[in-house]
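Asker: got a predicted model here, sequence first, then my questions.
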Amino acid sequence: MLLSASLLAFVFSISNISQVMEYILSLSLATMAIVFALAVVYLGLKWVQFHRYLDKEGIIATWRQSLLSFAVGEMTLPIPAGIYAQNYVLRTTACADFSRSSAATTAILAMEAIVSLLIVGIVDIPEWGWLRPLILVLFAGAVVVVALFLMVARLRDLAGGLLSAGPLGKLGPEFIETVEGFRDLFRPKVAAIAMPIAVVYLVSLVAGFFVTAHGMGIIVLSFAEALAIYLFALAVEELVPFSSNLGVIEAGGVAAAQAFGYGFTEGLAMMLGFRLVWTGSVWLLGGLTMLLLRGEFGNRCEGDRR
C-alpha cells in the first residue's frame with residue numbers, strides 16, 4: 001500500500017493535476033457506456049477462464065459459486081494480492097482447497113503476463129531497445145520454471161524433507177499442491193484454449209483504455225500504442241509478486257506513454273481516467289453479482305471437497 005501511495009504521489013507530482021482533471025471531466029456518458037460494455041465482455045470471458053481452470057483441476061464448484069468468488073476477486077484486485085480473495089470465498093462456499101484453487105488464480109495472472117509480454121514484444125515501444133531482449137530473458141526463465149514443475153514429484157520429496165517439522169510443517173505439502181495444480185493448467189491442451197481466451201479479454205480491456213483516451217480528446221493515440229502502453233503496465237504489475245494493482249499500473253503506463261511522445265499529464269490522464277471508469281464498471285457489475293448470489297455465502301462447509 002505504501003508502494004502504491006508513493007507511486008501515485010510521484011506521478012501526480014510530475015503532472016499538471018488541474019489539466020488531468022479537465023481531461024477526466026470531459027468524459028461523456030456515451031464513452032462510459034462503451035467502456036462498461038467492454039467490461040462486461042472482459043469479465044464474462046475471464047470468468048469463463050476461471051471456471052474452466054477450476055474444472056480442469058477437479059474442483060467441484062457450481063457456476064454460481066465460481067461467479068460469486070470471481071466477482072469478489074475482481075473487486076479486491078487493486079489491493080495487494082487482493083485477487084486471492086476469490087479463493088477464500090470459494091473455500092467457504094464450495095469447500096474448495098485454497099492451495100488448489102489459488103493455482104487457478106495464479107495461472108490466470110501468469111497467462112495474462114505471457115500474452116501481454118508477447119503483444120508488447122510484437123508492437124514494441126520506441127526508444128526502449130532493452131525491452132525485447134528483456135522479454136526473451138523472461139521467457140527463458142519461464143521455460144526453467146516449467147521444467148521445475150515437471151519435476152514436481154522430486155520437489156514434493158524435497159519439500160517434505162525440508163519442511164516436515166516445526167511451524168512450517170504444512171507449508172511443503174500446500175506449496176506442492178499449488179504447484180501441481182499450476183502445472184496441470186499449463187499442459188498444452190489446456191493452454192491452447194486458455195491463451196486465445198486471454199487474448200480476447202485483454203484486447204477488450206485495452207479497447208476500454210483506447211476508448212477512454214479518445215473520449216478525453218487524446219485522439220492521436222493509435223490502438224497499437226494503446227496495446228503497448230497498457231499491456232506493458234499490466235505485465236509489470238503481474239511480474240511483481242504481491243504488488244498492488246493501484247499505482248503500479250499508472251506509473252508503468254505513464255512511463256510507456258512518455259516513450260511514445262505523450263507528456264506526463266496526458267499519460268496520467270489516460271491511465272487515471274480509465275482506472276476510474278473501469279473500476280466503477282467492475283464494482284457495479286461485481287456488486288450486482290454479489291447481491292444476486294448473496295445466498296451462496298450461507299453455504300458454509302466443514303471439510304475440503306474437490
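Answerer: Perfect, thanks for sending it. Given the structure is predicted, the values throughout are model-derived calculations rather than measurements. Residues are numbered from 1 along each chain as shown.
Asker: every contact and neighbour count from this point should use C-alpha atoms.
Answerer: Will do.
Asker: show me where the stretch 101-250 of the chain has helices.
Answerer: Counting by DSSP state H, counting those that start in this stretch, the stretch 101-250 of the chain has helices at residues 131-150, 152-162, 171-185, 188-215, 223-239, 245-259.
Asker: among those helices, which is nearest residue 45?
Answerer: Minimum separation from residue 45 across these (CA to CA) falls at helix 188-215, 6.1 Å.
Asker: which helices and strands does that closest one pack with?
Answerer: Where contact means 3 or more CA pairs under 8 Å, 6 or more residues apart in numbering; DSSP states H and E, helix 188-215 is packed against helix 29-56, helix 98-123, helix 223-239, helix 264-292.
Asker: of all these, which one comes closest to residue 217?
Answerer: By CA to CA (comparing all of those), the closest turns out to be helix 264-292, at 10.0 Å.
Asker: quick one, the closest one and helix 29-56 angle?
Answerer: Angle, helix 264-292 to helix 29-56, by axes from the mean of the first three to the mean of the last three CA atoms, to 10 degrees: 60 degrees.
Asker: quick one: mean pLDDT over helix 264-292.
Answerer: What helix 264-292 shows for mean pLDDT is 94.
Asker: looking at the helices of the stretch 101-250 of the chain, which is nearest to residue 79?
Answerer: Comparing the helices of the stretch 101-250 of the chain by CA to CA, helix 245-259 comes nearest, at 6.3 Å.
Asker: which residue is the nearest non-sequential neighbour of residue 61?
Answerer: residue 94 (5.7 Å; CA to CA, 6 or more residues apart in numbering).
Asker: model confidence score at the one you found, please.
Answerer: Looking at residue 94, its pLDDT stands at 87.
Asker: check residue 157 too.
Answerer: As predicted, residue 157 sits at a pLDDT of 56.
Asker: can you list the helices and strands packed on helix 188-215 in a markdown table and add distance to residue 252 and mean neighbour count?
Answerer: A markdown table is the format used below for the helices and strands packed on helix 188-215 (distance: least, CA to CA, whole Å; neighbours: other CA atoms under 10 Å):
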| stretch | distance to residue 252 | mean neighbour count |
| --- | --- | --- |
| helix 29-56 | 21 | 19 |
| helix 98-123 | 13 | 21 |
| helix 223-239 | 4 | 22 |
| helix 264-292 | 9 | 20 |
